[in-house]
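Asker: here is a sequence with its predicted model. Questions after.
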Amino acid sequence: MAKGVQEFNFFYWFFRPLVQFGAMCHYRTFTVKGKENLPKEGGYILAPCHQQALMEPLAVLNITKKSPVFLARADIFKKDFIRKCLLFLKIMPVYRIRDGKESLSKNAEIFEKSRAVVLDGFPFCMMAEGRHNDKHQLLPLVKGMFRIAGETQLRMGDKPLYIVPTGIDFDEYERPFANLCVNIGKPINVQQFMETYKENEPVALNQMRDTVAEALSGQMFDIKSKENYKIIHTLTIILNREQLRRDGKIATPFNRFEARQKIAARFDQMEQENPPAFNMVRDDVMLYMKLLHRLHLSPKQESGHWKWHQYAIELALAVAVVTAAIVYKPLLWSVLFCLACYPIILLPTHLIFKRVIKDTQFRSSINFGARFFFSVIYTLVFSIIMGCTAGGWWGTLLPGINGFWWFLAAFNIPFAMAYCSGYLVKWFRHVLLNTHYWRKRIWNSAATLELRNIRKDLEARL
């Protein structure tokens, strides 16, 4: 009998913690809320929103104790090497009409394997929308997940099966060291649909779909407007600080995520119920964006800039750190050694893949994969070289340290650097972005004043 994809695999068990650590280090912060909502009894299917390619599965990998099994679109399984890698990662293919009508019959076997995953007590994850989306917007849900849920619940009998709506939010899609928020919702018991399912399966599937869609929308950052998506998305950026102030909350990544939800809901409602008022807001936002473009500023730079005293302190601290590293030789050599152990902190790989890969939702996944594998291989090779050469060039500066200790240093420092690099890179980037803003504030005072006035008017309409 063929081994199930959910069954124990030593190499998967061995490498999973490393991949989990790598995924966490890829982000500046990795926040999970609602973990207590994961069912303790019965089986469950995780239903996340889908705005990246492989980054949502990596997020799910960090929230479940048992190894989850995933479904992904079949066209990425075409090459044999990639297919083997994906199956090793416990990702199975699911076929769609665009893969050819004759391919749809293969789903019967895939769905049977999916049911076996849940029946064996493992988490099963299927992206509810069936395809990724480059907007913070929920797409129509596919019915495949609900067919699997209905048939699995029949086999489970009195034992409950749950669908868990899971919002996953990236505040930046492509750049590493963004903030990631996972928002796990209340589980939906499939048993409540089973009486209808036995009598009229299509009706029950529609009921499941509508219930999960409503719940998932509440767990994610979902801008419902299609015509004015960009306007509302811009509003969620420039009014975020004001929304936090009104809510009396500090600017943590999850609080900013919730503020974006509230702002989007406010202006989605305004667009539907008070079109004249919304049109006035839209005109202001368009003027605001036009001024930003002229000044080469982003909405985050203008609306989220540091106050002048904070900027002065942060700039002085950055200058002091750089100066100390240059002047004090032991500190300089220590910094250079750490960078030699983990140079990827300096590599803007997202810019490389932006040019090479056309599909924007795959860029972040490819970027993560490249950075992860480069880090693993480079760290291993560099640490072996440092150990075999008793520290190499650094060994001549500190000859009292033997090769073994150089190996340990070169092998362990990258883990600490990887963990801290998100905070360090973001801090230096914020210093540079705020320097750019305050330079514009001084030399283009009239235009920046107009921007602030427009933002104040928009804040008054929040």
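Answerer: Good, I have the coordinates.
Asker: and the helices in the stretch 201-350 of the chain?
Answerer: Counting by DSSP state H, counting those that start in this stretch, the stretch 201-350 of the chain has helices at residues 201-219, 229-238, 240-247, 253-273, 275-295, 299-303, 308-327, 329-341, 349-356.
Asker: may I have the first one exported as CSV, CA atoms only?
Answerer: This file holds the C-alpha atoms of helix 201-219, laid out as CSV (Å, rounded to 0.1, in the frame of the first residue of the first chain):
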residue,chain,number,x,y,z
GLU,A,201,-25.5,18.5,-1.9
PRO,A,202,-25.2,21.6,-4.2
VAL,A,203,-27.3,23.7,-1.8
ALA,A,204,-25.2,22.6,1.2
LEU,A,205,-21.9,23.3,-0.7
ASN,A,206,-23.2,26.9,-1.4
GLN,A,207,-24.2,27.3,2.2
MET,A,208,-20.7,26.2,3.4
ARG,A,209,-19.1,28.5,0.8
ASP,A,210,-21.1,31.6,1.9
THR,A,211,-20.5,30.9,5.6
VAL,A,212,-16.8,30.5,5.2
ALA,A,213,-16.5,33.5,2.8
GLU,A,214,-18.2,35.8,5.3
ALA,A,215,-16.0,34.5,8.2
LEU,A,216,-12.8,34.7,6.2
SER,A,217,-13.5,38.3,5.1
GLY,A,218,-13.7,39.3,8.7
GLN,A,219,-10.3,37.7,9.5
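Asker: by contact count, what packs against that helix?
Answerer: Judged by 3 or more C-beta pairs under 8 Å, 6 or more residues apart in numbering; DSSP states H and E, the packing partners of helix 201-219 are helix 144-156, strand 161-170, strand 188-189, helix 194-199. C-beta: built from backbone N, CA, C; applies to glycine.
Asker: save these as CSV, and put in mean neighbour count, distance to Leu317 and mean pLDDT too.
Answerer: As requested, the helices and strands packed on helix 201-219 are arranged in CSV below (neighbours: other C-beta atoms under 10 Å; distance: least, C-beta to C-beta, whole Å; pLDDT from 0 to 100):
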stretch, mean neighbour count, distance to Leu317, mean pLDDT
helix 144-156, 21, 50, 91
strand 161-170, 25, 28, 93
strand 188-189, 20, 49, 95
helix 194-199, 14, 61, 92
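Asker: out of these, flag the one nearest Thr236.
Answerer: Set against Thr236 and scored by C-beta to C-beta, the helices and strands packed on helix 201-219 come closest in strand 161-170, at 11.3 Å.
Asker: angle of the closest one against helix 144-156?
Answerer: Going by axes from the mean of the first three to the mean of the last three C-alpha atoms, to 10 degrees, strand 161-170 is angled at 150 degrees with respect to helix 144-156.
Asker: C-terminal to strand 161-170, what's the next element?
Answerer: strand 179-184 (DSSP states H and E).
Asker: just checking: what are the partner strands of that next one?
Answerer: strand 29-33 (parallel), strand 161-170 (antiparallel) (DSSP bridges).
Asker: distance from that strand to the middle of the chain?
Answerer: 7 Å (C-alpha atoms, centre = their mean, to the nearest Å).
Asker: what sits up against it?
Answerer: Here strand 179-184 makes contact (C-beta atoms under 8 Å, 6 or more residues apart in numbering) with 27-35, 37-38, 55, 59, 62-63, 164-172, 219-220, 253-254, 256-257.
Asker: quick one on the thing from earlier: need the helices of the stretch 201-350 of the chain in JSON lines (columns: mean pLDDT, mean neighbour count and distance to Ile385).
Answerer: Formatted as JSON lines, the helices of the stretch 201-350 of the chain follow (pLDDT from 0 to 100; neighbours: other C-beta atoms under 10 Å; distance: least, C-beta to C-beta, whole Å):
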{"stretch": "helix 201-219", "mean pLDDT": "94", "mean neighbour count": "18", "distance to Ile385": "47"}
{"stretch": "helix 229-238", "mean pLDDT": "95", "mean neighbour count": "21", "distance to Ile385": "45"}
{"stretch": "helix 240-247", "mean pLDDT": "94", "mean neighbour count": "17", "distance to Ile385": "47"}
{"stretch": "helix 253-273", "mean pLDDT": "95", "mean neighbour count": "19", "distance to Ile385": "38"}
{"stretch": "helix 275-295", "mean pLDDT": "95", "mean neighbour count": "15", "distance to Ile385": "48"}
{"stretch": "helix 299-303", "mean pLDDT": "92", "mean neighbour count": "20", "distance to Ile385": "41"}
{"stretch": "helix 308-327", "mean pLDDT": "92", "mean neighbour count": "12", "distance to Ile385": "24"}
{"stretch": "helix 329-341", "mean pLDDT": "89", "mean neighbour count": "15", "distance to Ile385": "10"}
{"stretch": "helix 349-356", "mean pLDDT": "73", "mean neighbour count": "14", "distance to Ile385": "23"}
